[in-house]
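**Q** coords please:
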Amino acid sequence: MPELPEVETTRRRIEPLLLGQRISALRHDSAKYLATDEARGRTIGAVSRRGKYLLLRLDAPKTLPLELILHLGMTGHFRLEPTPHTRLVIELEGAPALYFHDPRRFGKVVVVRQGDYALFPTLRHMGPEPLSDDFDQSEFVWRASQAGAVKPWLLSQKPVAGLGNIYVDEALWLTRLHPQQTRLNADEARKLHGAIREVLSQAVARGGSSLGSGVGNYRQHDGTQGGYTAEHHVYGKAGQLCGRCATPIVRTVVAQRGTHLCPECQVLRVNEVQSI
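**A** Numbering: from 1, shown residues only. Model (predicted):
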């Protein structure tokens, strides 16, 4: 958390607040937030997203554009007012400030030359955007046929961008694939390709997923929570009955990540047990 749907929803919500505004300061006290003074006096020319990263293009006359890279971490989101967990304040000339709220402090903020992702190898080597035409089915099918356990493969961000724990579990349930299945056949991979698109499209349309009600719960700057949580089939449903076969959903660990699946619908193929 947050994953592509939450970050895309955030991008859409904050874009009207930031686009075309000039930054007067980025205030924070984190040694992890790098080169933020470079943003002062620059105008936000674009608010975009790549995978789970927010990218703000910072323009200035007669100079090359910079880019503010912001990763929300596990608990980061924006507010219109300061909180005890405010880690960054984006001060704007002639417009209200925006406050980055991050209780667990896993968020990252770095200003770089546009496109220079040396500090972010995951971003630099990220696969195609799943809701774009770049997410080619044939290429995905070939890569899936060579891949190891499907869940950690998807989480690596290399075959496709933006997937995390929630939406991998949901897409695998929809496709009836076990999270440790290796070397998918063509039919499985084609179905998974479609399920990834379907799950993410629906999650974006519903504003992402909010888990729990604590201070780290994902929400938007106006307090709006994600509505896709009510659509989850397996994630967070341990002990509840599968909506397809009425078998209790189980929670296990795959690649050191909590993983939810239906043991009846998502059966690992014979002779392909893999230690993770």
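
**Q** quick one: end-to-end distance for stretch 107-121.
**A** 16 Å (C-alpha to C-alpha, to the nearest Å).

**Q** what pLDDT, on average, does that stretch get?
**A** Mean pLDDT, computed over stretch 107-121, is 95.

**Q** also stretch 75-88?
**A** In this model, stretch 75-88 has an average pLDDT of 95.

**Q** output it in PDB with nothing but the alpha carbons.
**A** What follows is stretch 75-88 as a C-alpha-only set of coordinates in PDB (Å, rounded to 0.1, in the frame of the first residue of the first chain):
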ATOM      1  CA  THR A  75       1.100   5.000   4.700                       C
ATOM      2  CA  GLY A  76       1.600   8.200   2.800                       C
ATOM      3  CA  HIS A  77      -1.100  10.500   1.500                       C
ATOM      4  CA  PHE A  78      -1.900  14.200   1.200                       C
ATOM      5  CA  ARG A  79      -3.900  16.500   3.500                       C
ATOM      6  CA  LEU A  80      -5.100  20.100   3.200                       C
ATOM      7  CA  GLU A  81      -3.900  20.800   6.800                       C
ATOM      8  CA  PRO A  82      -0.900  19.800   8.900                       C
ATOM      9  CA  THR A  83      -1.100  16.700  11.200                       C
ATOM     10  CA  PRO A  84       1.200  15.200  13.800                       C
ATOM     11  CA  HIS A  85       2.400  13.000  11.000                       C
ATOM     12  CA  THR A  86       3.100  15.700   8.400                       C
ATOM     13  CA  ARG A  87       6.500  15.000   6.800                       C
ATOM     14  CA  LEU A  88       6.600  17.400   3.900                       C
END
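
**Q** buried ones in it?
**A** Neighbour-count burial for stretch 75-88, counted by 16 or more other C-beta atoms under 10 Å, picks out 75-79, 85, 87-88. C-betas here are computed from N, CA, C, even on glycine.

**Q** centre of the chain to it, how far?
**A** Centroid displacement of stretch 75-88 relative to its chain, using C-alpha atoms, centre = their mean, to the nearest Å, is 19 Å.

**Q** my read is that residue 153 contacts residue 147, right?
**A** Yes. The criterion here is C-beta atoms under 8 Å, and residue 153 meets it with residue 147 at 4.4 Å.

**Q** all helices of the stretch 101-250 of the chain, in order?
**A** Assigned helices in the stretch 101-250 of the chain, in chain order: 121-124, 137-146, 150-155, 165-175, 186-205 (criterion: DSSP state H, counting those that start in this stretch).

**Q** among these, show me which one is buried the most.
**A** Counting by mean count of other C-beta atoms under 10 Å, helix 165-175 has the highest mean neighbour count of the helices of the stretch 101-250 of the chain, with a mean of 25.

**Q** okay, the angle between it and helix 186-205?
**A** 130 degrees (axes from the mean of the first three to the mean of the last three C-alpha atoms, to 10 degrees).

**Q** who does helix 165-175 touch, helix- and strand-wise?
**A** Other helices and strands packing on helix 165-175, by 3 or more C-beta pairs under 8 Å, 6 or more residues apart in numbering; DSSP states H and E, are helix 150-155, helix 186-205, strand 257-261.

**Q** list the buried residues in stretch 241-258.
**A** When burial is assessed from 16+ other C-beta under 10 Å, stretch 241-258 yields the following buried residues: 242, 249-250, 254-255, 257.

**Q** residues contacting that stretch, please?
**A** 149, 151-152, 155, 165, 179-180, 233-234, 237-240, 259-265, 276 (C-beta atoms under 8 Å, 6 or more residues apart in numbering).
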